[in-house]
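S.K.: What would the 3D arrangement of this be:
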Amino acid sequence: MGATTEVVREAFAAAGISTKVEVLPWKRAIDMAKNDAEAIAYFPGYHCRHVDGFVASEPIGNGPLGLAEHIDGPITWETVDDLGEQKLKIGTVLGYANTDEFDEKAGTGWIRALPAKDDLTNLKKLVRRRIDAAVIDKLVLSYLLATEAELKADAASIRFNEHPLEDKTLFLCFRDTEEGRTLRDKFNDGLRQIDADKIVDDYFKYQF
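M.R.: Numbers count the residues shown, from 1 in each chain. Have a look, this model is predicted:
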C-alpha cells in the first residue's frame, strides 16, 4: 500500500493501537471516513479541508507533486500558465486538491484537466497517449509503476517530469469528533516515537 501507509501503521503501533487500512477511490475514502462508524480517518491529505468535519494530524511525510509524462512526449514548462498555453491534456484525480494555482487555472478551463477516478486510471491513459501528462505524487508514481501488473509492461515509458509543481506536506485526516481528536492525539504521540523518513527510505530500498 505504500511507504506512507507504513509510516501510519508504525505510528499507530508505537501508540499501542492496531489499525486496518483500506485502499479506496479518493472521494469514497473521504465519504467513508466521514460517515462509516468503522472508519475514523483518511490519508494522505495535503490538507484536511476537502470536506468539513476533519482535523489534521502532525505531518506524516512529504510528497513531491508533479507530472507523470511519457518518454515519447516529454513536457517542457516553467510556469503553470505554460501548461495551458500548450493546450496539454492533463489527467487529474476526481476530488484531489493539487496546487492552488493549478486548480484555479483548471477551474477556469485555462488548463485542460481531465478527471479520472484514481491515479492508476490516469497512468493507463498516459501509456495509451490519451492524455499528455498526469498530476501525481512522485512516490505514488514509483509505487504504482513497481507494483501494478497493468503497468509493468510499459513502466519504462513513464517517468516523473523533472519540474515539480510543489513539495506537499502529507497529513492523516481524522474525523472531528471527540473520538477522532483523541485518536489524533495518540497518533501524534506515536508519530513522535518513530523515524518516518527512515521508514520511507527503507521501504523503497528493500521493497523494490
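S.K.: neighbours around the closest residue to A15 other than its chain neighbours, how many?
M.R.: In space, and not counting its chain neighbours, A15 is closest to G190: 3.2 Å by Cβ to Cβ, 6 or more residues apart in numbering. For glycine as for every other residue, the C-beta is placed from the backbone atoms N, C-alpha and C. Around G190 there are 19 other residues, counting by other Cβ atoms under 10 Å.
S.K.: Now do the phi/psi pair for T79.
M.R.: Backbone torsions for T79, taken as degrees, to the nearest 10, come to phi -120, psi 160.
S.K.: Distance check, it against I111.
M.R.: 11 Å (Cβ to Cβ, to the nearest Å).
S.K.: Show me which of those two is the more surrounded one.
M.R.: Comparing T79 with I111 by other Cβ under 10 Å, the one with more neighbours is I111, at 26 against 10.
S.K.: Could you pull up the contacting residues of the more buried one?
M.R.: Residues in contact with I111 (Cβ atoms under 8 Å, 6 or more residues apart in numbering) are 80, 83-84, 88, 90, 102, 105.
S.K.: how does it look with 10 Å?
M.R.: Residues counted as contacts of I111 (Cβ atoms under 10 Å, 6 or more residues apart in numbering) are 80-90, 92, 98, 101-105, 135.
S.K.: same question, A68
M.R.: Counting by Cβ under 10 Å, 6+ apart, A68 has contacts 75, 90-91, 119, 122-123, 126-127, 131, 133-138, 140-141, 144-145, 158-161.
S.K.: Would you mind measuring from it to T5?
M.R.: 20 Å.
S.K.: wait, isn't the residue nearest to A15 in contact with F12?
M.R.: Yes. Assessed by Cβ atoms under 10 Å, G190 is found in contact with F12 at 5.9 Å.
S.K.: From V80, how far out is the residue in the chain sticking out farthest from the centre?
M.R.: No residue in the chain has its C-alpha farther from the mean C-alpha position than E178, which lies at 26.9 Å (Cα atoms, centre = their mean). Applying Cβ to Cβ, the value for E178 to V80 is 41 Å.
S.K.: Among the contacts of I111, name the ones in strands.
M.R.: 89-90, 92, 135 (DSSP state E).
S.K.: hmm, back to that, now, the contacts of A68 that are in helices?
M.R.: 119, 122-123, 126-127, 138, 140-141, 144-145 (DSSP state H).
S.K.: How many residues are close by K124?
M.R.: 18.
S.K.: same thing with D176?
M.R.: 15.
S.K.: Can you list the neighbours in contact with the longest helix seen in the chain?
M.R.: Under DSSP H, the helix in the chain containing the largest number of residues is helix 178-192. Applying Cβ under 10 Å, 6+ apart, the contact partners of helix 178-192 are 7-17, 19, 33, 40-41, 53-60, 172-177.
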